[in-house]
Structures are given as C-alpha cells and as structure tokens.
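Asker: Would you be able to build a 3D model of this:
(one chain, ligands or ions: 1)
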Amino acid sequence: MKKRLNIIIAFIALVILIGAQFYVVSELYHLKNGEFNRSYGGEIFYGVETYQQQKELNPLAPVFEVMDKLASRLIFDYPGFELETDTIKSGIIRSFENLLIENDSITPFLEKYLEAKNLDSDISTFFIIKSLKLHDLSREFIIFDKTSGEDGLINNQDIGQGAIFIRSFNAKRDYFDIEIDFYVDFSNRIRIIVREMRFMLVLLTLTVVVVLLVYILTLRNMLRQKKLSELKSDFISNMTHELKTPLSTIAVASASLTLDNVLGNPEKSKNLSEIIKRQNKLLNQMIDQVLDISALEQSGFSIKKEPVEIKFLIEEIVEDFRVNQKEKSTGIEIEYNIPKDFYIELDKFQMTRVLNNLLSNAVKYNDKKPLIKVVVSLKGGSLLVVISDNGIGISKENQKEVFSKFYRCEHNLPKKIKGLGLGLYFVKKIVEAHGGTINLESTPGRGSSFIINLPLNSKEYENTAC
Ligand code: ADP
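Answerer: This is a model prediction of the structure:
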C-alpha cells in the first residue's frame with residue numbers, strides 16, 4: 001500500500017516536473033521572441049534609415065507621386081457620392097496597396113542590408129494602410145481610417161502573428177493623405193529562436209529523460225523485488241512442506257524401531273533403517289540445493305572440467321535414471337550423431353546434475369506414459385544435446401521465466417508435484433558456466449524440448465573431423 005502511494009507520488013512529481021519544463025520552455029520562447037523582435041526589428045529600422053540617408057528622401061516618395069496622380073484621377077472621375085460607397089472604397093484601397101507592392105524598393109534593399117550584416121535575410125514585408133483620405137481644395141473623402149476605428153474596410157494582407165512593426169510612413173499631398181504602417185516578418189524566426197535556445201532545450205530534455213529513466217528503473221526494481229519476495233515466500237512454504245515429509249517419516253520409522261515386535265525382527269529393523277537412510281539422503285539433497293544457491297550467489301559457479309566421453313556419460317546417466325524410474329515405465333530413446341569415442345571437456349558431476357534434472361522434469365511434468373528423446377549431435381563448433389518429452393508443455397509466458405530462481409508454473413496435473421523451483425535455475429547456471437546456452441521450445445499439451453549448446457574448444461573441434 002505504502003509502495004503504491006510512493007509510486008503515485010513519484011508519478012505526480014514527474015508530471016509536475018514535465019509541466020514545469022514545458023512552462024519554462026514556453027516562457028523562454030516568449031522571452032527570446034521579444035529579444036528577437038527588438039534586435040531584428042532594430043536592425044530593420046536602421047536599414048530603412050540607411051536607405052533614407054542613401055537616397056536622401058522618404059523611401060516611399062516615388063510611390064507617393066504615383067499615388068497622387070491616381071488620387072487626382074479618382075477625385076475628378078468619380079462623382080462625390082460614389083466615393084462614399086463601400087465597394088468603391090474597397091477598390092481604391094486595393095489600388096493603393098497594389099501601388100505599394102509594385103513600387104516596393106525597400107524590401108530588396110533590406111535583404112541585401114541583412115545579408116551584408118550576416119543576418120537571416122529571408123523576410124516578408126507588409127505595408128498596411130492605416131488611413132487614406134482623398135481631397136481637393138474644397139472636398140474631403142475618408143476612404144479608410146483605422147485610427148478612428150472605421151475599419152470596416154480593412155486591407156486583406158495577412159501579416160501573420162509574429163510580424164514586427166518597424167515604423168509608419170505619412171504623406172500629405174495635393175489629392176490625398178495617407179498613413180502606412182510598415183511590418184517585417186522572418187520566415188525562419190522559429191528556427192532562429194530555437195537555435196538560440198538549443199543549449200537550454202538539450203539541458204531540459206536531458207533532465208526529463210534522466211528523471212523518467214530513474215522513475216522507470218525504480219518502478220522496475222520495485223516490481224522485481226515484489227515478485228522476488230512472492231517467489232521467496234512460495235519457496236519457504238514449499239521448502240517447509242518438503243522438509244516435513246521426510247522428517248515425519250524418519251520420526252515414525254525411528255519410533256517403530258524401538259517397538260518390541262520390531263526389535264525381535266531383523267528383517268523389519270533393516271527395512272526401517274533403509275527408510276531412515278533414504279529419507280536422510282533426501283533431506284541432505286534438499287539442504288544441499290539451498291546451500292548451493294547461497295554459495296552461487298556469493299562466489300558464482302566454479303566447475304572442474306575434465307575430458308569426458310560423451311556417449312558413455314549420457315548412457316550412464318540414462319541407465320541410472322531408468323533404474324530409479326523402473327516402476328513408471330518411462331521410455332527413453334537416445335540418438336547420437338557424433339563420431340565414435342568423442343571426448344568433450346566438462347564438469348562431469350555438474351553435467352550429470354543437468355541431465356538428471358531435465359530427465360526427471362520430463363517425467364514429473366507429464367500426464368501420459370513418459371516418452372523422452374535424447375539427441376546428441378554436432379553443429380558448427382558446438383555440441384548440441386536436445387532432451388525432448390511428451391509432457392504437459394510450458395506456455396509461452398512461462399517459458400521466459402522457468403529458468404528464474406524459485407519459479408514454478410501453475411498446472412492442472414492431478415497430483416501435486418514436489419519441487420523448489422531451483423532445478424532449471426541451476427541447469428542454466430551450470431550450462432552457462434561451461435560457456436554454453438540452453439533454450440526451450442515447447443507447445444502446451446504436446447511436450448517440451450530443452451536444447452543445450454556447448455561450445456567445443458579447438459582440440460575437441462579437431463576431433464570431430466575424424
Ligand atoms: P521444480 O521442478 O522444482 O518446480 P524447476 O526449476 O526444475 O523446478 O522447474 C521450474 C518449473 O518449470 C516447474 O515448476 C514446471 O512447472 C516447469 N517445467 C520444468 N520442466 C518441465 C517439463 N519438461 N515439462 C513441463 N514443465 C516443466
């Protein structure tokens with residue numbers, strides 16, 4: 001419960017952190033945008049001033065001359081009432097705007113000016129008419145006046161959100177008065193700002209990634225620990241159960257030894273002491289398994305390799321196993337595809353444990369008459385030992401876990417199968433200590449195959465050629 005609360009609190013903290021990072025980034029962007037407007041806007045302003053100084057006149061003076069001619073024509077061509085209709089007004093605005101665009105000499109100048117200063121010159125310029133009046137000596141027609149709020153007739157230039165206001169141009173001529181706002185926009189504005197923020201962006205992203213990673217790792221560790229503690233408690237209850245059975249058998253057998261009818265009967269005494277010996281051996285094996293894990297955890301597996309004739313070893317293991325399994329009528333078929341007298345270097349004792357474990361699992365987890373196949377062959381530079389059975393099989397999900405410490409699968413076998421979930425764990429550790437690998441292929445309901453792959457050293461490899 002406490003752990004879950006911790007996870008939730010950590011998650012909320014993570015969300016807040018990510019939110020805060022977004023807030024910082026957006027604030028920083030606004031700040032940089034303001035800075036961009038000031039510095040680039042300032043540059044453009046000086047650019048226009050320079051233009052004015054070079055030409056020694058208002059940059060729009062030539063356009064105003066053309067506009068004055070147009071204004072005089074309009075005043076004389078249209079009767080006064082027509083100049084007050086919206087459609088005519090719109091047309092006039094459009095004509096004035098077009099004159100501004102057609103006679104624009106500032107934009108090419110500014111592009112060169114920015115290039116010379118090594119600044120981004122990909123700009124769009126906008127001349128926005130704020131007010132326009134046509135007049136002669138006696139009459140005045142307001143065509144458009146945004147300043148007084150009469151903006152029913154707005155110009156249709158889309159100046160975009162980020163365009164920077166540079167300055168206004170005013171002109172009072174014989175037939176018209178005009179006020180124009182001049183704006184500049186940079187196509188690469190976002191790219192330039194992001195480039196300036198890149199160091200900060202990388203830092204902020206790294207912070208989020210690191211925190212996210214720490215969160216995921218902590219969560220994964222917590223889940224692993226939870227799983228391990230569940231497995232450990234399962235193991236303890238299994239272990240207690242497993243220990244109790246031989247202990248109670250020993251208790252009953254040793255109590256029986258003192259009974260009068262047993263004391264006088266050497267046959268019965270011998271039987272009982274055999275039982276005690278067997279149960280004692282079982283107890284010892286179980287305790288050894290547990291001791292093995294702690295030894296393995298402290299100092300890893302140490303193996304003592306020696307040259308072993310593999311055919312002989314497998315036959316010996318299978319024979320011993322058959323003897324122990326007599327009453328269960330287990331069928332074991334062995335197939336060799338290796339040269340005669342083939343020797344391989346391995347730890348005989350540990351490899352015997354591996355094969356015994358796989359053989360006994362093949363019988364334990366089986367609901368039919370057990371049929372086991374052992375195939376020994378050479379493949380590339382490795383010796384392959386495949387042990388297949390016709391047992392209950394292992395689901396895909398469990399296949400990933402069966403080699404984990406204490407792991408036992410759920411199944412519907414009619415009787416409870418004893419075990420500590422350590423067999424395959426040791427099998428894998430032993431094979432790996434030999435530099436090999438073990439893989440599992442299984443179909444639930446049809447059987448399993450454990451494939452052991454042991455690499456051959458150069459001497460062994462040469463032998464395979466004979
Ligand atoms: P144990 O046999 O003590 O439970 P193992 O580590 O040997 O421990 O096996 C782990 C689990 O893998 C077993 O509980 C069993 O469910 C499953 N298993 C192992 N071998 C086989 C097999 N040949 N067929 C089906 N299931 C198997």
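Asker: what comes into contact with stretch 363-374?
Answerer: 314, 318, 325, 328-335, 359, 362, 385-392, 411, 413-414, 417, 419, 448 (C-beta atoms under 8 Å, 6 or more residues apart in numbering). Glycine gets a C-beta too; all of them are placed from N, C-alpha and C.
Asker: Could you do stretch 112-130 as well?
Answerer: 40, 43-44, 47, 50-51, 93, 96-97, 100-101, 104, 106-107, 110-111, 144-147, 155, 157, 159-160, 163, 168, 178-188, 192.
Asker: how's this structure carved up into domains?
Answerer: Domain ranges of the chain: 2-194, 306-462, per automatic domain parsing.
Asker: can you tell which of these is closest to Tyr215?
Answerer: domain 2-194 (5.5 Å; C-beta to C-beta).
Asker: Ends of the closest one, what's the gap?
Answerer: End-to-end distance for domain 2-194: 43 Å, by C-alpha to C-alpha, to the nearest Å.
Asker: That one - what's its average pLDDT?
Answerer: Domain 2-194 shows a mean pLDDT of 86.
Asker: Which parts of this structure are helices?
Answerer: Listed in chain order, the helices of the chain (DSSP state H) span 2-55, 61-77, 86-102, 106-116, 189-257, 260-263, 266-299, 310-324, 348-364, 396-399, 423-433, 458-464.
Asker: Selection in ChimeraX covering whichever of the contacts of stretch 112-130 are buried, please.
Answerer: Remark: buried members of the contacts of stretch 112-130, expressed as a ChimeraX selection using 16 or more other C-beta atoms under 10 Å:
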select :40,43,44,47,51,93,96,97,100,106,110,144,145,146,155,157,159,163,178,179,180,181,182,183,184,185,186,192
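Asker: for Ile164, what are its contacts?
Answerer: Asn37, Tyr40, Gly41, Ile44, Tyr183, Val184, Asp185.
Asker: dump the residue contacts of the closest residue in space to it that isn't next to it in sequence.
Answerer: Leaving aside its sequence neighbours, Ile164 sits nearest to Gly41 (C-beta to C-beta, 6 or more residues apart in numbering; 4.2 Å). By C-beta under 8 Å, 6+ apart, the residues touching Gly41 are Ile164, Phe165, Ile166, Val184.
Asker: Tell me which two in those residues are the farthest apart.
Answerer: Phe165 and Val184 (8.7 Å).
Asker: circling back: can you put the contacts of Ile164 in TSV and add distance to the ligand?
Answerer: Shown next, in TSV, are those (distance: C-beta to the nearest ligand atom, whole Å):
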residue	distance to the ligand
Asn37	69
Tyr40	70
Gly41	73
Ile44	76
Tyr183	75
Val184	74
Asp185	69
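Asker: Most widely separated two among the residues you listed?
Answerer: Tyr40 and Tyr183 (12.1 Å).
Asker: Tell me the residues of the stretch 351-466 of the chain that contact the ligand?
Answerer: 357, 361-362, 365, 389, 391-394, 402, 407-409, 411, 419-425, 448 (C-beta under 6 Å from any ligand atom).
Asker: Give me the buried entries from those residues.
Answerer: 357, 361-362, 365, 389, 391-394, 402, 407-408, 420-425, 448.
Asker: Spit out the contact partners of the residue nearest to Ile18 when sequence neighbours are not counted.
Answerer: Using C-beta to C-beta, 6+ apart and skipping residues adjacent in sequence, the residue nearest Ile18 is Val208, 5.9 Å away. Val208 makes contact with Leu17, Ile18, Gln21, according to C-beta under 8 Å, 6+ apart.
Asker: ok, and what's touching stretch 255-267?
Answerer: Lys268, Ser269, Leu272, Ser273.
Asker: Which one, of the domains of the chain, ends up nearest to Lys227?
Answerer: The closest of those to Lys227 is domain 306-462. By C-beta to C-beta, the value is 8.9 Å.
Asker: what about the stretch 251-400 of the chain, any weak spots by pLDDT?
Answerer: 326-328 (pLDDT under 70).
Asker: Distance to Met222 added to the domains of the chain, as TSV?
Answerer: Below are those laid out as TSV (distance: least, C-beta to C-beta, whole Å):
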stretch	distance to Met222
domain 2-194	6
domain 306-462	17
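Asker: Of all the ones you listed, which one comes closest to Ser237?
Answerer: Among those, domain 306-462 sits nearest to Ser237 (C-beta to C-beta), with 10.6 Å.
Asker: which parts of the chain sit against the ligand?
Answerer: 357, 361-362, 365, 389, 391-394, 402, 407-409, 411, 419-425, 448.
Asker: need the contact list for Met67.
Answerer: Contacts of Met67 by C-beta under 8 Å, 6+ apart are Phe96, Leu99, Ala171, Arg173, Phe176, Ile178.
Asker: Spit out the contact partners of the residue nearest to the fourth one when sequence neighbours are not counted.
Answerer: Spatial nearest neighbour of Arg173, chain neighbours left out: Asp68 (4.3 Å); criterion: C-beta to C-beta, 6+ apart. For Asp68, the residues meeting the contact criterion (C-beta under 8 Å, 6+ apart) are Arg173, Asp174, Tyr175, Phe176.
Asker: Strands - which of the residues of the chain next to the ligand land there?
Answerer: Asp389, Ser448 (DSSP state E).
Asker: buried subset of the contacts of stretch 255-267?
Answerer: By 16+ other C-beta under 10 Å, the contacts of stretch 255-267 give Leu272 as buried.
Asker: who does Gly331 bridge with?
Answerer: Leu371 (DSSP bridges).
Asker: So what's the residue count around it?
Answerer: 11 (other C-beta atoms under 10 Å).
Asker: check contacts around it.
Answerer: Counting by C-beta under 8 Å, 6+ apart, Gly331 has contacts Lys369, Pro370, Leu371, Ile372.
Asker: Quick check: closest non-adjacent residue to Leu14.
Answerer: Tyr215 (5.5 Å).
Asker: per-residue confidence for the one you found?
Answerer: 89.
Asker: show me the contacts for Leu282.
Answerer: Pro246.
Asker: What residue in the stretch 151-300 of the chain comes nearest to the ligand?
Answerer: Asn238 (8.1 Å; C-beta to the nearest ligand atom).
Asker: Near that residue, how many other residues are there?
Answerer: 17.
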